[in-house]
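K.L.:
Model the structure of this input:
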Amino acid sequence: MEVAAQPKATPRKLAIGIALIAALAVIIFLLPHYLGKSIGPMIQVSAFVLVVVYVLLSFEFLHRSSIALIGAISVIAAASALQTIPGDESFEFVIGTIDFNTIGLLLGMMILVAILAESGVFQYVAIKAAKISKGDLWKLMLILCTFTAVVSMFIDNVTTVLLMVPVTIAVFRIFKVSPIPFILAQALASNVGGTATLIGDPPNIIIGSAANIDFNTFIAHMGPTVAISFVASLFLLKFFFKNDLKAHVQNLEQLMNEDEKTYLKDRNILKKSLAVLFGVIALFVAHGFLHIEVSIIALGGAAVLLVVTRANPEKVFHLVDWPTLIFFTGLFIIVGVAAHSGMIDILSSAAISATGGEPWLTFVVIIWLSAIASAFVDNIPFTATMIPLIQSLNANPNIASLFGTFQVSPLWWALALGADFGGNGTLIGSSAGVVAAGLSEKNGHVISFNRWFRVGFPFMIATVAIGTVILAIDILLRL
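P.N.:
Predicted structure coming up:
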């Protein structure tokens with residue numbers, strides 16, 4: 001078995017990284033003391049581990065799954081040593097911090113996609129899309145991003161990325177052009193499109209459950225905002241990737257003469273895979289009525305497909321992106337300990353208290369706090385942390401006097417917009433982004449933390465600004 005090489009740090013990068021970590025350590029551990037602020041040691045340790053993880057990810061000293069595991073072990077060891085978490089309860093605590101619903105969903109869909117790929121359908125779609133675009137890279141980006149965003153409304157965006165990234169890689173393998181800009185664009189588009197519906201993005205499922213929001217209500221309120229924001233995002237993508245879109249396409253004439261149907265190697269697997277996949281999607285749509293977790297649906301579909309296709313489990317499991325699943329697991333543990341220590345609550349409460357209970361100011365602060373935080377902390381655990389805060393704010397007399405007339409408080413829409421759009425800010429901000437980067441790396445195209453940040457963060461700022469204005473106008477019209 002071949003072991004992937006770890007990223008190598010230059011002496012200059014290593015020196016800068018160490019200096020930055022040392023400076024952050026001084027700020028976190030010493031500054032509160034000089035300012036006369038009393039902050040618990042576990043909060044300081046959690047904050048330090050989080051920022052160290054982000055520095056290591058940014059400078060690419062190690063593979064991100066290794067960084068996440070080291071960070072997870074560090075915070076658990078610190079919590080046990082400081083008796084924040086009793087040592088004999090640490091295992092149960094760790095299990096409780098991991099969102100197995102997300103991990104199970106990813107694993108199940110990875111297995112489904114791995115089996116589906118054996119049919120050759122990705123190559124078929126790749127040739128078809130490339131022929132429609134006729135080698136025009138902007139037109140191809142437009143097709144891929146629009147399709148990805150629309151599908152992400154009705155299938156969670158993680159699943160959509162799992163399906164679409166292999167298609168993108170197949171297209172650009174033929175064109176002999178780097179697929180990285182197009183994978184990035186699709187991941188960003190999937191987070192925007194997924195914001196529109198209850199099942200489009202994992203944070204929406206959490207919000208819908210807490211606020212008792214049904215599918216139709218969710219899309220009626222978020223759909224218009226997302227539609228306008230997505231149209232604007234297409235122009236942003238064209239601007240950010242204007243140089244990449246000028247790349248010379250090869251093998252175009254040869255590709256135009258290709259018969260895409262010849263790439264369908266096994267129609268029997270294709271039929272069975274599509275039947276199971278559509279069944280899984282139908283259950284995703286109906287899962288709110290059935291009260292079955294999406295992870296159970298995905299894993300159940302994977303099990304059925306393994307049986308009906310008689311696929312070789314060892315071969316299929318080898319195609320699963322295990323480093324991405326490990327990265328998620330480590331990140332859930334780190335954020336779980338940070339939340340348990342009270343760090344995230346302190347940050348959130350401090351920002352919200354600055355609004356003084358003014359409804360519209362609170363609305364805007366929630367959007368931008370959620371967006372910035374979700375860029376650096378995975379938006380799933382962050383959303384879960386914000387739920388009780390939003391519930392208490394909705395009970396505030398000032399906020400209730402204005403927003404209490406709505407069936408669903410606008411603060412819930414603010415949280416959904418900020419958390420979902422904010423996930424585009426960095427490589428680790430959203431599940432879809434992490435999965436897209438993992439699949440890209442698995443196929444030999446590494447998307448670094450910095451490469452994502454240079455495009456994702458300004459894209460996130462612009463789309464959140466547009467979304468804030470549109471959502472506010474929509475709420476005003478409903479008053």
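K.L.:
can you list the domains in this protein?
P.N.:
Domains of the chain are assigned by automatic domain parsing as 1-96, 136-156+171-246+335-479.
K.L.:
And the longest helix seen in the chain, what's buried?
P.N.:
The residue-count maximum for a helix in the chain (DSSP state H) belongs to helix 449-478. Buried residues in helix 449-478, counted by 16 or more other Cβ atoms under 10 Å: 449, 452-453, 455-457, 459-468, 470-472, 474-475. Every residue, glycine included, has its C-beta placed from N, CA and C.
K.L.:
Please apply the same query to stretch 202-215.
P.N.:
Buried residues in stretch 202-215, counting neighbours by 16+ other Cβ under 10 Å, are found at 202-208, 210-211, 213, 215.
K.L.:
neighbouring contacts of that stretch?
P.N.:
Stretch 202-215 is contacted by residues 102, 156, 158, 194-195, 197-199, 218, 285, 288, 294, 374, 379-380, 382-384, 387, 390-391, 408-409, 412, 415-416, 419-420, 423, 431 when judged by Cβ atoms under 8 Å, 6 or more residues apart in numbering.
K.L.:
ditto for stretch 299-308
P.N.:
With Cβ under 8 Å, 6+ apart as the test, stretch 299-308 has contacts from 104, 107-109, 111-112, 115, 272-273, 276-277, 279-280, 283, 311, 313, 316.
K.L.:
Just the CA atoms of that stretch, as PDB, please.
P.N.:
The C-alpha trace of stretch 299-308 is given here as PDB (Å, rounded to 0.1, in the frame of the first residue of the first chain):
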ATOM      1  CA  LEU A 299     -25.400   3.700   5.000                       C
ATOM      2  CA  GLY A 300     -28.500   1.600   4.300                       C
ATOM      3  CA  GLY A 301     -28.300   2.600   0.600                       C
ATOM      4  CA  ALA A 302     -24.600   1.700   0.600                       C
ATOM      5  CA  ALA A 303     -25.300  -1.700   2.100                       C
ATOM      6  CA  VAL A 304     -28.100  -2.500  -0.400                       C
ATOM      7  CA  LEU A 305     -25.900  -1.400  -3.300                       C
ATOM      8  CA  LEU A 306     -23.000  -3.600  -2.100                       C
ATOM      9  CA  VAL A 307     -25.300  -6.600  -2.100                       C
ATOM     10  CA  VAL A 308     -27.200  -6.100  -5.300                       C
END
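K.L.:
How far away from the center of its chain is that stretch?
P.N.:
Here stretch 299-308 is found 25 Å from its chain centre; the criterion is Cα atoms, centre = their mean, to the nearest Å.
K.L.:
cool, stretch 345-358 as well?
P.N.:
Computed by Cα atoms, centre = their mean, the chain-centroid distance of stretch 345-358 equals 25 Å.
K.L.:
Low-confidence ranges, the stretch 301-450 of the chain, go.
P.N.:
For the stretch 301-450 of the chain, residues meeting the criterion pLDDT under 70 lie at 347-348, 351.
K.L.:
Give me the buried positions along the helix or strand hosting F91.
P.N.:
Following DSSP states H and E, one finds F91 within helix 90-97. Within helix 90-97, the residues that count as buried by 16+ other Cβ under 10 Å are 93-94, 97.
K.L.:
can you check stretch 213-232 too?
P.N.:
Buried, per 16+ other Cβ under 10 Å, within stretch 213-232: 213, 215, 218-219, 221-222, 224-226, 228-230, 232.
K.L.:
quick one: L116 and V280 touch, right?
P.N.:
No - L116 is not in contact with V280 according to Cβ atoms under 8 Å; the separation is 11.2 Å.
K.L.:
next SSE after the helix or strand hosting L306?
P.N.:
Taking DSSP H and E as the definition, L306 sits inside helix 294-309. Using DSSP H and E, the helix or strand that follows helix 294-309 in sequence is helix 313-318.
K.L.:
by contact count, what packs against that following helix?
P.N.:
Here helix 313-318 touches helix 100-117, going by 3 or more Cβ pairs under 8 Å, 6 or more residues apart in numbering; DSSP states H and E.
K.L.:
Report the angle between the helix it packs on and helix 294-309.
P.N.:
Orientation of helix 100-117 against helix 294-309 (axes from the mean of the first three to the mean of the last three Cα atoms, to 10 degrees) gives an angle of 30 degrees.
K.L.:
any idea of the mean pLDDT for helix 100-117?
P.N.:
Averaging pLDDT along helix 100-117 yields 86.
K.L.:
That helix: which residues count as buried?
P.N.:
For helix 100-117, by 16+ other Cβ under 10 Å, it's 101-117.
K.L.:
excluding its backbone neighbours, what's nearest V294?
P.N.:
Excluding its sequence neighbours, the residue lying closest to V294 (Cβ to Cβ, 6 or more residues apart in numbering) is L105, at 5.1 Å.
K.L.:
From the buried residues of stretch 213-232, which one has the minimum pLDDT?
P.N.:
Across the set of those, F215 stands lowest in pLDDT, at 82.
K.L.:
Just the buried subset of the contacts of stretch 202-215, written out for ChimeraX, thanks.
P.N.:
To isolate the buried ones among the contacts of stretch 202-215 in ChimeraX, judged by 16+ other Cβ under 10 Å, type:
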select :102,156,158,194,195,197,198,199,218,288,294,374,379,380,382,383,384,387,390,408,409,412,415,416,419,420,423,431
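K.L.:
Keep only those of the contacts of stretch 202-215 that are in helices.
P.N.:
Mapping the contacts of stretch 202-215 onto helices (DSSP H) picks out 102, 158, 194, 218, 285, 288, 294, 374, 379-380, 382-384, 387, 390-391, 412, 415-416, 419-420, 431.
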